[in-house]
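Trainee: I'd like to go over a predicted model; first the sequence, then the structure.
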Amino acid sequence: MSEKKSLNFLEQIIEEDLNNGLSKDKLRFRFPPEPNGYLHIGHAASICLNFGLGLKYGAPVNLRFDDTNPAKEEQEYVDAIRKDVQWLGFQWDKEFFSSDYFQQLYDWATELIKEGKAYVDNQSSEEMALQKGTPKKPGVNGPNRDRSIEENLNLFLKMKNGDFDEGTHILRAKIDMQHVNMHMRDPIMYRILKKEHHRTGFDWCIYPMYDWTHGESDYLEQISHSICTLEFNSHRELYDWYVDQVIDTSKQRPKQREFARRNLSYTVMSKRKLLKIVEEGVVNGWDDPRMPTISGLRRRGYTPESIRKFSETAGISKRENVTDVALLEYCIKDDLNKTAPRVMAVLNPLKLVITNYPKGKEEWVTAENNPEDENAGTREVPFSKEIYIEKEDFREQANKKFFRLKLGGEVRLKNTYIIKANDVIKDAEGNITEVHCIYDEDSKSGSGTEASKRRVKGTLHWVSIAHAIKAEVRLYDRLFTDEAPDGHKDKDFKEFINPNSLTIGTAFVEPSIQNTQTGNKYQFQRKGYFCTDSDSSSEQLVFNRTVALTDSWAKQEKKAAAPAKNENFEKVGPIASKFLKARNDEERDAFRLELSNLSKNIPFEVLSTAFFTAKSNKELLACLLVLPNIETKEDENFAKFIKMSLGSNNSTIKVEVIRYVLSNIWLRKTFDELLQNLKTEDKNSYIRGVLEENL
């Protein structure tokens, strides 16, 4: 199937600029992190966006460190940011620092003073706040606003030379204290900070504010599109004002545009809050695998491909929304399912003795490395009389729905024999310490015998006790128990720290991974995906659980795997239920009208998660009824959802998806073969008639 992707709104802006005469060789983007902490999954969205635009348009992308606050910045963060960007698979064209422009920014500020467009203010912050007014109340001019140019130049020079204490003087742009935009009410351009800078040392006692630095740096680097997060939307007017003061009309003017930052459920995205839990020892550093930092995700076992896929699937939005962490977990499971070798590991061991297996005998059985990858090959795994299985895989007594091992019951040991449990050994407290079984010698997997073809309902993973390698396993779970840990005004976000976010245990693993290296990834069969930790050594293997095969949170909370919360989308489900029961087109059209109003405030990103989780007819229909009213991103995942809906056995769903596909030229071409088949083979004559009429 050929794939066509709709343009996101930022790409549409760029395309419009190109159509209006902007030369393609003038396109240049940048990623401008502040080196005051490690990058997190939200920054990954910005990285993928900016560098992705560079790849799409064949345009260079700069990496620029916004290092204007020496009180919070460190070289460690600069190094970590470089590593994260490259690990994600991107390479910048040129590397810059805002500190590269300190002299130029100072010179421009001096020129603004000379032009009467900037002045030094030495009032207290409280006095200035009172003068600034409120969004509903205009500000008033302060007493220092009309200082002479000569006095301002002299005071600004003294600020630069360190003659004043921190907090006593600032340089402000002289714009308009009555402006409706609060950012335009004589904003601060410089403040005094007598701190050592990680690059310039103590050369400067004054440092430019972000707003003054941002647009001027973009202009100096000739950035065409300066893409910021949504909170800078109200700063755009100031961005333009500052650029207007220095621009040479023969050079390219940068354009600021904004997108919604990535918010993730069960996570905090504030670097300040993340720093707090690092400093207070809640986690073991910025790269703790529970952290949402790129370095933490990398150590946990996430792949660059999975994070890029997550960013692509979650999409780019103009409105703030929360993406469910279930989508991120889906992306890593989907990636590792294709790439991670399967191995056997027992995390909670129970000894099993095969009483009729010859003592001292061992054999090596062939195991498939990855059934999803035909080129992954096979490996040999040792088998012997005594093995470990998971405790949870055995019960003395169990009902018919328990398909694992029980007394008198049979299961297959993966890649080997069928066994039958006939006895248990218990300790003084009555706990089972051993299970005794017999095996069917003729039932070995792949041997071709009649016994080997006999079907039993349960298959267990295992490890040979004589050959097992003891390892430490770190079972990581979500760091917070609340969907929005920093969304409660009356509670501190740390109140929602998950006490069970890390459980350390012992596992026994098959010997094939004895020489594993840091970062190697595996599926521990039936248990989850694991990654070799950097603490691992030849003496002590250490594995981090990246993600479980099943979502334990879904059992605790029904909404754990639901789409990202959106008030309007939550109202669609009940309407979809009524739609399914509608008796005629008049009723259905009334529901569509109601949904068209709701859909205006439902971003496609909310549906992107719902596509993965929709299973019931109501959930499928809820997505379908919203789709005609919103801007979609027609990628592979969207196409999978459409294909699944076309295969529904529910005629209402099938009619709705056919209506939608027929209204979209790309979808119509993409699914033409399937539609043609339905036209002649569908059991519903009405559906056949609709397709006959339109195809």
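Mentor: Thanks, I have the structure now.
Trainee: Can you spell out which helices and strands pack onto whichever strand or helix holds I307?
Mentor: Element membership of I307 [criterion: DSSP states H and E] is helix 304-314. In terms of contacts (3 or more CB pairs under 8 Å, 6 or more residues apart in numbering; DSSP states H and E), helix 304-314 is packed against helix 41-57, helix 325-339, helix 604-613. To be clear about C-beta, it is placed using only N, CA and C from the backbone, and glycine gets the same treatment.
Trainee: of those, which approaches R253 most closely?
Mentor: Checking those against R253 by CB to CB gives helix 41-57 as the closest, at 18.2 Å.
Trainee: Would you mark the buried spots in that closest one?
Mentor: Residues 41-54, 57 are the ones in helix 41-57 that count as buried (16 or more other CB atoms under 10 Å).
Trainee: What ranges does the stretch 1-150 of the chain have for its strands?
Mentor: With DSSP state E, counting those that start in this stretch, the ranges of strands along the stretch 1-150 of the chain come out as 29-31, 61-65, 95-97, 118-121.
Trainee: now do the stretch 351-500 of the chain
Mentor: 362-368, 378-384, 386-390, 394-395, 405-406, 410-413, 418-426, 432-439, 459-460, 463-464, 469-476.
Trainee: Single out the most deeply packed of the ones you listed.
Mentor: Of all these, strand 463-464 carries the top mean neighbour count, a mean of 24, counting by mean count of other CB atoms under 10 Å.
Trainee: just checking, what packs against that strand?
Mentor: Against strand 463-464 (3+ CB pairs under 8 Å, 6+ apart) you get strand 378-384, strand 386-390.
Trainee: Generate a markdown table for the strands of the stretch 1-150 of the chain, with mean neighbour count, distance to T670 and mean pLDDT as supplementary columns.
Mentor: As requested, the strands of the stretch 1-150 of the chain are arranged in a markdown table below (neighbours: other CB atoms under 10 Å; distance: least, CB to CB, whole Å; pLDDT from 0 to 100):
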| stretch | mean neighbour count | distance to T670 | mean pLDDT |
| --- | --- | --- | --- |
| strand 29-31 | 23 | 31 | 98 |
| strand 61-65 | 23 | 32 | 98 |
| strand 95-97 | 17 | 42 | 98 |
| strand 118-121 | 24 | 57 | 98 |
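Trainee: out of the helices and strands packed on strand 463-464, which comes closest to F524?
Mentor: Between the helices and strands packed on strand 463-464, strand 386-390 lies closest to F524; by CB to CB that is 10.6 Å.
Trainee: Alpha carbons only: can I get the helix holding I307 in CSV?
Mentor: C-alpha atoms of helix 304-314 as CSV (Å, rounded to 0.1, in the frame of the first residue of the first chain):
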residue,chain,number,x,y,z
PRO,A,304,15.3,5.8,18.8
GLU,A,305,12.9,4.2,16.3
SER,A,306,10.2,3.9,18.9
ILE,A,307,10.5,7.5,20.1
ARG,A,308,10.5,8.8,16.6
LYS,A,309,7.5,6.7,15.8
PHE,A,310,5.7,8.0,19.0
SER,A,311,6.4,11.6,18.0
GLU,A,312,5.1,10.9,14.5
THR,A,313,2.0,9.1,15.6
ALA,A,314,1.1,11.7,18.4
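Trainee: the helices in the stretch 201-350 of the chain, which residues?
Mentor: Taking DSSP state H, counting those that start in this stretch to define them, one finds helices in the stretch 201-350 of the chain at 210-221, 236-246, 271-279, 294-300, 304-314, 325-339.
Trainee: Among the buried residues of helix 41-57, pick out the one closest to D672, please.
Mentor: Nearest to D672 among those: G52, at 29.9 Å, using CB to CB.
Trainee: Minimum distance to P289: which of the strands of the stretch 351-500 of the chain has it?
Mentor: Among the strands of the stretch 351-500 of the chain, the nearest to P289 by CB to CB is strand 469-476 (5.1 Å).
Trainee: Relative to that closest one, what are the paired strands and their orientations?
Mentor: Strand pairing for strand 469-476, determined by DSSP bridges: strand 502-509 (antiparallel), strand 541-548 (parallel).
Trainee: and the end-to-end length of stretch 391-401?
Mentor: Using CA to CA, to the nearest Å, the end-to-end distance of stretch 391-401 comes to 17 Å.
Trainee: I'd like the numbering to begin with 6 instead of 1 from here.
Mentor: Yes, from this point I'll number from 6; that puts the last item at stretch 396-406.
Trainee: Give me the contacts around it.
Mentor: If you take CB atoms under 8 Å, 6 or more residues apart in numbering as the criterion, stretch 396-406 is touched by 353-355, 357, 407, 409-412, 414, 416, 426, 429, 437, 440, 465.
Trainee: Please identify the next secondary structure element, helix or strand, after the lowest-mean-pLDDT helix or strand in the chain.
Mentor: When the helices and strands of the chain are scored by mean pLDDT, DSSP states H and E, helix 557-561 comes last with a mean of 49. Once the chain leaves helix 557-561, the next helix or strand it forms, by DSSP H and E, is helix 572-586.
Trainee: Next, the angle helix 609-618 makes with the helix or strand just after that following helix.
Mentor: Along the chain past helix 572-586, the next helix or strand (assigned with DSSP H and E) turns out to be helix 590-604. For helix 590-604 against helix 609-618, the angle by axes from the mean of the first three to the mean of the last three CA atoms, to 10 degrees is 120 degrees.
Trainee: Could you give the bridge partners of the spatially closest residue to E226 that is not a sequence neighbour?
Mentor: The shortest distance from E226 to any non-neighbouring residue, by CB to CB, 6 or more residues apart in numbering, is to N67 (5.7 Å). For N67, the beta-bridge partners under DSSP bridges are R35.
Trainee: N67 is in contact with F102, isn't it?
Mentor: No. Counting by CB atoms under 8 Å, N67 does not reach F102; the two are 10.8 Å apart.
Trainee: Between the contacts of stretch 396-406, which sits nearest D170?
Mentor: So of the contacts of stretch 396-406, ranked by how close each gets to D170 (CB to CB), first place is N353, at 62.3 Å.
Trainee: Show the contacting residues for D538.
Mentor: Taking CB under 8 Å, 6+ apart, we find D538 in contact with 294, 304, 479, 523, 547-549.
Trainee: Which of these are buried, as a ChimeraX select command?
Mentor: With 16+ other CB under 10 Å as the criterion, this ChimeraX line picks the buried residues out of the contacts of D538:
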select :294,304,479,547,548,549
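Trainee: Can you say which two of the contacts of D538 are spatially most distant?
Mentor: R479 and T523 (13.8 Å).
Trainee: Dump the helices and strands packed on strand 468-469 to TSV, plus mean pLDDT and distance to T254.
Mentor: What follows is those, written out as TSV (pLDDT from 0 to 100; distance: least, CB to CB, whole Å):
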stretch	mean pLDDT	distance to T254
strand 383-389	97	67
strand 391-395	98	72
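Trainee: Any buried residues in stretch 75-83, and which?
Mentor: For stretch 75-83, using 16+ other CB under 10 Å, the buried residues are 75, 78, 82-83.
Trainee: Test my guess that Q519 contacts I474.
Mentor: Yes. Here Q519 reaches I474: they are 5.3 Å apart, a contact under CB under 8 Å.
Trainee: I'd like to know which of the strands paired with strand 474-481 is closest to R384.
Mentor: Nearest of the strands paired with strand 474-481 (CB to CB): strand 507-514, 12.7 Å.
Trainee: quick one: contacts of that closest one?
Mentor: Against strand 507-514 from outside (CB under 8 Å, 6+ apart): 295, 348-354, 393, 468, 470, 473-482, 529, 546, 548.
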